[in-house]
Structure formats: structure tokens, C-alpha cells
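In: Sequence first, then the predicted structure, then my questions.
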Amino acid sequence: MPSSGEVRPAVQPTRLRGSDATRLHLTLAGGLALCTGAFIIELLRALGGHSFSWIYVFEWPLFAGFAVYMWWNLLQGHDRVRRSSSTASSPPDASEQELDEWNLYLQVMEAAEGDDPA
């Protein structure tokens, strides 16, 4: 764990490339086709007199917008952060004594729940 004065350099996310990016593009294309088709169907139903379909007319474009947002974040690598090997070998934050105290507290709380007549 770095001390309070130590500053770690930010790890830049890596852009998705190759077959992973192609699969992501194809998934987006399929999702947008589904949203477009559903939008058209609901629009036709709404114009045909089904007033409840107006909700879906506005919902499907929102789904499509969220799909584009997630596609962009996944493509740019904002979903994964590379961790340096030094952080993997750092000791855990809680000491063994703190963990033992916490486990004892949980046992006491569980026992108290069992004694409760309500």
C-alpha cells in the first residue's frame, strides 16, 4: 500500500484490437439491429392505437444509446486496468488479529440472533 505522500502513476487502459474488437463490433451491430427493429415494430403498434407502445417507442432508442456507450467504453479498454506486479505481492490491509476479532464479533452477533425470541 503506498504511503499517503506517495503517488502512483496512472495506468492507461489499452484499446481493444483484433478479433476481440471484431466480435465487439459484430455484437454492437446485432444489438443495434435488434433495437431498430423493435423500435419500428413498437412505433407501428403505437400509431395503430396501442397507447402503451409509446413507452417502448422511447425505450428502445435508450437501449441503443446505452449499447453504443458500452461499446465505446469496452473498445477503449475502460473496463480493464492493468495492475503492476508490485501491488499483487503487497500484504493485505487487515492484520490477522483484526480478522480474528471480526470473526469473533460475527460469532457473537449470530449467537445473539439465536437467543432473540422474536
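Out: Looks like it arrived, so ask away. Numbers count the residues shown, from 1 in each chain.
In: Neighbours of residue 39, how many?
Out: Number of residues near residue 39 (other Cβ atoms under 10 Å) recorded here: 18. Every C-beta, even on glycine, is put in place using the N, C-alpha and C of the backbone.
In: Skipping adjacent residues, who's closest to it in space?
Out: Closest residue in space to residue 39, ignoring its immediate chain neighbours: residue 60 at 4.1 Å, by Cβ to Cβ, 6 or more residues apart in numbering.
In: Geometric centre of this structure: which residue is closest?
Out: The chain has residue 79 as the residue nearest its centroid, 8.1 Å off, counting by Cα atoms, centre = their mean.
In: On the secondary structure side, give me the element for the closest residue to that one other than its chain neighbours.
Out: In space, and not counting its chain neighbours, residue 79 is closest to residue 73: 6.2 Å by Cβ to Cβ, 6+ apart. Take DSSP states H and E as the rule and residue 73 turns out to sit in helix 53-76.
In: quick one: buried residues of that helix?
Out: For helix 53-76, burial by neighbour count (16 or more other Cβ atoms under 10 Å) applies to 53, 56-57, 60, 63-64, 67, 70-71, 74-75.
In: Low-confidence regions, the protein specifically.
Out: Along the chain, segments meeting pLDDT under 70 span 1-13, 80-94, 115-118.
In: Helices of that one, residue ranges please.
Out: 18-47, 53-76, 85-88, 96-115 (DSSP state H).
In: picking that back up, do you know how far the residue nearest to residue 39 is from residue 45?
Out: Counting by Cβ to Cβ, to the nearest Å, the separation of residue 60 from residue 45 is 12 Å.
In: since we're on residue 18, how many residues are nearby?
Out: Applying other Cβ under 10 Å, we find 7 residues neighbouring residue 18.
In: again, but for residue 43
Out: By other Cβ under 10 Å, the residues close to residue 43 number 15.
In: Before I go, just wanted to say thanks for your time.
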